[in-house]
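Chemist: Got a predicted structure here, sequence first:
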Amino acid sequence: MTQTIVRNTIGEQVFSELRNRIAAGRLQPGEKLRPDDIATELNVSQTPVKEALLRLGAEGLVETIPRRGTVVRRFSKTHTAELFEVREMIETWALRSGHAAGRITPGFLDRIAATIEDLGKATDGGRFNDVGAAMAADRRMHHLIVALSGNSMMMDWYQRVISQTEFIRLYAVQPERGVETMAEHMTIYAALQALDLDAVLGAIHAHFESACGSLLDDVQRHHQKR
């Protein structure tokens, strides 16, 4: 079945379509992406497809391999660990900057509380009953923390890092992480409420250490199944 893309925003829509397919697992790690086939399917020229693939490469979701072409990226345990290390570095810097600038305001705390409420709605009996909604709530909380920096360039870099993390979670995630994630977010929130920077940084470190450890196990199991 041929899908037609609205031509007034061809480049953006091709990019969004391919990114969504990767995010939904419809394009699997290691799968080859042929510009001519994609262009035919979406009823567009190859130019916006190639542009979209370059943008996906910039986000780290695809990679070009000699003699194979462009493929959906496979994530190793090493790369997964590095992503969490970078995320913690960015959030730690943002928290220090935001705390010093007085940006941890009641309004900010209300927005953090709203993400925890949404996370709770996506969790039932200690399990994620809606992984997509849980990931969205988690993403919003971490974006709010990075926004404390007031640095738009840092936000752009963080988006690339978190996009890769979320992609890994889509094919390697434990629904049972719900209870731990909820508890870790509550600990971060409580430390933010107290304006205790050391406690916040400690809670962030513990959260990333726990999440990364769980995800590394999932990535290992995923590769063993291949």
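Modeler: Structure's in. What do you need?
Chemist: in the chain, which spans are strands?
Modeler: 62-65, 69-72, 123-124, 127-128 (DSSP state E).
Chemist: Out of the ones you listed, which one sits most buried?
Modeler: strand 127-128 (a mean of 18; mean count of other CB atoms under 10 Å). For glycine as for every other residue, the C-beta is placed from the backbone atoms N, C-alpha and C.
Chemist: Could you chop this structure up by domain?
Modeler: Following automatic domain parsing, the chain resolves into domains at 7-72, 77-225.
Chemist: Any idea how far the last one is from the middle of the chain?
Modeler: The reference is to domain 77-225. The chain centroid and the centroid of domain 77-225 are separated by 9 Å, computed with CA atoms, centre = their mean, to the nearest Å.
Chemist: 28 is where my numbering starts, stick with that
Modeler: Sure thing, new numbering starts at 28, so read that last one as domain 104-252.
Chemist: who's in contact with stretch 155-171?
Modeler: By CB atoms under 8 Å, 6 or more residues apart in numbering, the list of residues contacting stretch 155-171 from outside reads 114, 118, 135, 138-139, 142-143, 145-146, 148-150, 182, 185, 189, 193, 196, 200, 202, 204-205, 208, 212, 215.
Chemist: same thing but 6 Å
Modeler: R138, I139, T142, D145, L146, A149, E193, P202, G205 (CB atoms under 6 Å, 6 or more residues apart in numbering).
Chemist: ok, now stretch 177-193?
Modeler: E86, G87, L110, V113, R114, I117, M162, V173.
Chemist: Just the buried ones from these?
Modeler: E86, G87, L110, V113, R114, I117, M162, V173 (16 or more other CB atoms under 10 Å).
Chemist: Could you list the low-confidence segments of this structure?
Modeler: Where the chain drops to pLDDT under 70, the residues are 28-35, 51, 197-203, 244-253.
Chemist: Would you check which pair of the contacts of stretch 155-171 lies furthest apart?
Modeler: With distances taken as CB to CB, the most widely separated pair in these is R138 and P202, at 26.1 Å.
Chemist: Could you check how far V76 is from A121?
Modeler: 35 Å (CB to CB, to the nearest Å).
Chemist: Next: A79.
Modeler: The value you get for A79 to A121, if CB to CB is used, is 30 Å.
Chemist: can you check S176 too?
Modeler: For S176 relative to A121 (CB to CB), the value is 4 Å.
Chemist: now do A163
Modeler: 20 Å.
Chemist: Check T107 too.
Modeler: Applying CB to CB to T107 and A121 gives a distance of 22 Å.
Chemist: Compare the two and say which one has the larger neighbour count.
Modeler: Set T107 next to A121 and count neighbours by other CB atoms under 10 Å: A121 wins out with 24 against 21.
Chemist: Redo the strands of the chain as JSON lines? Include distance to T67.
Modeler: Below are those laid out as JSON lines (distance: least, CB to CB, whole Å):
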{"stretch": "strand 89-92", "distance to T67": "19"}
{"stretch": "strand 96-99", "distance to T67": "16"}
{"stretch": "strand 150-151", "distance to T67": "42"}
{"stretch": "strand 154-155", "distance to T67": "37"}
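Chemist: Can you check which of the ones you listed gets nearest to D223?
Modeler: Of all the strands of the chain, strand 150-151 comes closest under CB to CB, at 25.8 Å.
Chemist: Adjacent strands (with direction) for the closest one?
Modeler: Here strand 150-151 has these sheet partners by DSSP bridges: strand 154-155 (antiparallel).
Chemist: where along this structure do the helices fall?
Modeler: 37-50, 62-69, 73-85, 104-127, 133-148, 158-174, 179-198, 205-220, 224-252 (DSSP state H).
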